[in-house]
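Q: Next one to model:
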Amino acid sequence: MTLEEALTFATDTVLLETGNALKNAAILYRRHFGGEKCFLVADENTYAVAGETVAALLNDNGVDLTQPLVYPGNPILPAEYALIQEIRGEISSRCCFPVAVGSGTINDLVKVAAYENNLGYMVVATAASVDGYSAPGASIVKNGFKNSIYCSAPRVILADSGVLRNAPLSMTAAGYADLASKFPAGADWIIADEIGEDPIDDVCWRMVQTALDDWLSKPEGIQHRDAAAIATVFYGLIMTGISMQRLRKSRPASGAEHLMSHIWEMRHLSVDGVPVSHGFKVGIATLATTALMNRLFARDLVDLDLHKATKYRMSWDDEERRIRTLFAGTQIVEDVIGESKAKYAEGSAFQRRIDAIAAGWSRICERAKRQLLLYDDLKNRFLKAGAPTRPEEIGLKRQDIGEAFRLARLIRNRYTCLDLAFDTGIFDECIDEVLDSETFFA
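A: Here you go, the predicted model:
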């Protein structure tokens, strides 16, 4: 599917300007926002690489530009709701449109703030680092819980090829890893589709999956700052975001790997005091869920004792007590209970789910295996792109992977490979096989 076709399904975004995009900033702002007063939101780094140029162009073309809101470049800006409140207040007091100049966090903060002020906004992308540019919604920490807050995507996205090419290599590698997560996320959607939990939307599937392998076919180009390779990754990230606009949820782009990443994000995972990027957390989780599904789908139906899984199914009351123990002392325990309860099945409802799993097991395995990259292929692509391949590189240990598997299953009402392994009674076995293996994370 082409970008032009995809934009016909978008509910918020009307334009992606690429190539030498910065020079058109003022023209496009006037065209899509009527030349109304605006201000830039950036950090010191993004303001230097793109914000100053955009500000000069807006001024030169007669746009009423108020003082920019520029955050420190160090430490890295956190995606916290308190900052959204600050930006929202600036929008209200200045009575003008915001223009985000940055990547993941800056865009998410402005996205929510603009939405809560009933305004559209424009984003000037500074790195091919996330799929969130064109996504409706933002991942924000509020009261200690990683929330997916609903909000509209930007009306206009400017992505200057020179700016993207010169972004820090680690940010582009993070974008590569984020895009690669769509392989296991797609397998998770196949699982949910096969057992009747979450049917696949064919349009969204084509937007994300049809060209996914092509978008990720030149990982070595990331470290060589190859403009075409970087532009292709960015294109894939934007298409992924548009698919979420169509469906109004993140299912086309997010599976168990993003839930694991949320666990680490809520714990403010860092290395030497520097927060680990979203893409690098997702990348390690992508390897982890690929490994888990490798073990899960190595089993034939005869290897599964589904009668035992049904007979010894934990009651919801017992599951809730377990959740309260696992999340004791956190601010998010009630949120987790709400999310878990929404997808937990027992009694006849669980029997229907088990029957669907039994009836479709061969097809689930076949479709999911076809969707996934082989673990070694995925790992080698990450190595070429400059993305981490071992938990230790992002401040984790092997046992942290096991813990994240167990906690991630509980925090969202989204059926994934984690739920399938749990429901069939082999969750702990599969986790142990991943952690004890000399193949995975070697």
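
Q: tally of neighbours for the nearest residue in space to Arg248 that is not next to it in sequence?
A: Leaving aside its sequence neighbours, Arg248 sits nearest to Pro136 (Cβ to Cβ, 6 or more residues apart in numbering; 6.3 Å). For the C-beta atoms, the positions are set from N, CA and C on the backbone; glycine is no exception. Neighbourhood size, Pro136 [other Cβ atoms under 10 Å]: 25.

Q: and what of Leu287?
A: Using other Cβ under 10 Å, Leu287 has 28 neighbouring residues.

Q: Would you mind naming the helix or strand containing it?
A: Taking DSSP states H and E as the criterion, Leu287 maps to helix 278-296.

Q: Residue ranges of each domain in this structure, please.
A: Split into domains by automatic domain parsing, the chain comes to 3-167, 171-198+253-436.

Q: got the end-to-end distance for the longest one?
A: Distances were taken as Cα to Cα, to the nearest Å; on that basis the terminal residues of domain 171-198+253-436 are 31 Å apart.

Q: chain center to it, what's the gap?
A: With Cα atoms, centre = their mean, to the nearest Å as the basis, domain 171-198+253-436 stands 14 Å off its chain's centre.

Q: now the strands for the chain?
A: For the chain, the strands defined by DSSP state E cover 15-17, 38-43, 69-71, 97-102, 122-125, 138-142, 145-149, 156-158, 270-271, 274-275.

Q: helices and strands around the first one, which ones?
A: Which is strand 15-17. helix 3-7, helix 25-33, strand 156-158 (3 or more Cβ pairs under 8 Å, 6 or more residues apart in numbering; DSSP states H and E).

Q: Check the third one too.
A: Using 3+ Cβ pairs under 8 Å, 6+ apart as the contact definition, the elements that strand 69-71 packs against are strand 38-43, helix 81-94.

Q: That one: partners in the sheet, and parallel or antiparallel?
A: Strand 69-71 has its sheet partners listed here by DSSP bridges as strand 38-43 (parallel).

Q: How about stretch 352-369, which residues are buried there?
A: Arg353, Ile354, Ile357, Gly360, Trp361, Ile364, Cys365, Arg367, Ala368 (16 or more other Cβ atoms under 10 Å).

Q: Likewise for stretch 207-219?
A: Met207, Val208, Gln209, Ala211, Leu212, Trp215, Leu216, Lys218, Pro219.

Q: Save these as JSON lines, and put in pLDDT and distance to Leu16 too.
A: Below are the buried residues of stretch 207-219 laid out as JSON lines (pLDDT from 0 to 100; distance: Cβ to Cβ, whole Å):
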{"residue": "Met207", "pLDDT": "97", "distance to Leu16": "14"}
{"residue": "Val208", "pLDDT": "98", "distance to Leu16": "16"}
{"residue": "Gln209", "pLDDT": "98", "distance to Leu16": "20"}
{"residue": "Ala211", "pLDDT": "97", "distance to Leu16": "16"}
{"residue": "Leu212", "pLDDT": "98", "distance to Leu16": "18"}
{"residue": "Trp215", "pLDDT": "98", "distance to Leu16": "15"}
{"residue": "Leu216", "pLDDT": "98", "distance to Leu16": "19"}
{"residue": "Lys218", "pLDDT": "97", "distance to Leu16": "21"}
{"residue": "Pro219", "pLDDT": "98", "distance to Leu16": "23"}
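
Q: now what about the lowest-mean-pLDDT helix or strand in the chain, what contacts it?
A: Ranking every helix and strand in the chain by mean pLDDT, DSSP states H and E puts strand 145-149 at the bottom, with a mean of 79. With contacts defined as Cβ atoms under 8 Å, 6 or more residues apart in numbering, strand 145-149 is touched by 112, 137-142, 250, 262, 265-266, 331-332, 335, 411.

Q: and Pro97, how many neighbours?
A: No, residue 97 isn't Pro; it's Phe. Neighbours of Phe97 (other Cβ under 10 Å): 22.

Q: Distance of it relative to Tyr29?
A: Applying Cβ to Cβ, to the nearest Å, the value for Phe97 to Tyr29 is 8 Å.

Q: which residues do those two both contact?
A: Listed as contacting both Phe97 and Tyr29 by Cβ under 8 Å, 6+ apart are Cys38, Met122.

Q: ok so, going back, between the helices and strands packed on strand 15-17, which gets nearest to Ser181?
A: Proximity to Ser181 (Cβ to Cβ) singles out helix 3-7 among the helices and strands packed on strand 15-17, at 19.1 Å.

Q: Residues in contact with the closest one: which ones?
A: Applying Cβ under 8 Å, 6+ apart, the external contacts of helix 3-7 come out as Thr13, Val14, Leu15, Leu16, Met207, Tyr235, Ile238, Met239, Ile242, Ser243.

Q: can I get the CA coordinates of that helix in PDB?
A: Below are the C-alpha coordinates for helix 3-7, written out as PDB (Å, rounded to 0.1, in the frame of the first residue of the first chain):
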ATOM      1  CA  LEU A   3       1.500   6.300   1.600                       C
ATOM      2  CA  GLU A   4      -1.100   8.200  -0.500                       C
ATOM      3  CA  GLU A   5      -3.500   5.200  -0.200                       C
ATOM      4  CA  ALA A   6      -2.800   4.900   3.500                       C
ATOM      5  CA  LEU A   7      -3.600   8.600   4.100                       C
END
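
Q: quick one: buried residues of that helix?
A: Quick answer for helix 3-7 (16+ other Cβ under 10 Å): Ala6, Leu7.

Q: gap between that helix and the chain center?
A: Centre-to-centre, helix 3-7 and its host chain are 21 Å apart (Cα atoms, centre = their mean).

Q: and that helix, average pLDDT?
A: In this model, helix 3-7 has an average pLDDT of 94.

Q: can you offset everything so residue one is 4?
A: Renumbered: residue one is now 4, and that last one reads helix 6-10.

Q: By residue count, what's the longest helix in this structure?
A: helix 350-374 (DSSP state H).

Q: mind listing what the least confident helix or strand of the chain pairs with, with the direction of each?
A: strand 141-145 (antiparallel).

Q: Check what contacts the strand it pairs with and list those residues.
A: By Cβ under 8 Å, 6+ apart, strand 141-145 touches 81-84, 87, 110-112, 114-115, 135, 149-152, 154, 265, 268-269, 281.

Q: Could you export it as CSV, CA atoms only?
A: Written as CSV, here are the backbone C-alpha positions of strand 141-145 (Å, rounded to 0.1, in the frame of the first residue of the first chain):
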residue,chain,number,x,y,z
ALA,A,141,0.7,8.7,23.4
SER,A,142,2.5,6.5,26.0
ILE,A,143,2.7,8.7,29.1
VAL,A,144,3.6,8.0,32.7
LYS,A,145,0.8,9.2,35.0
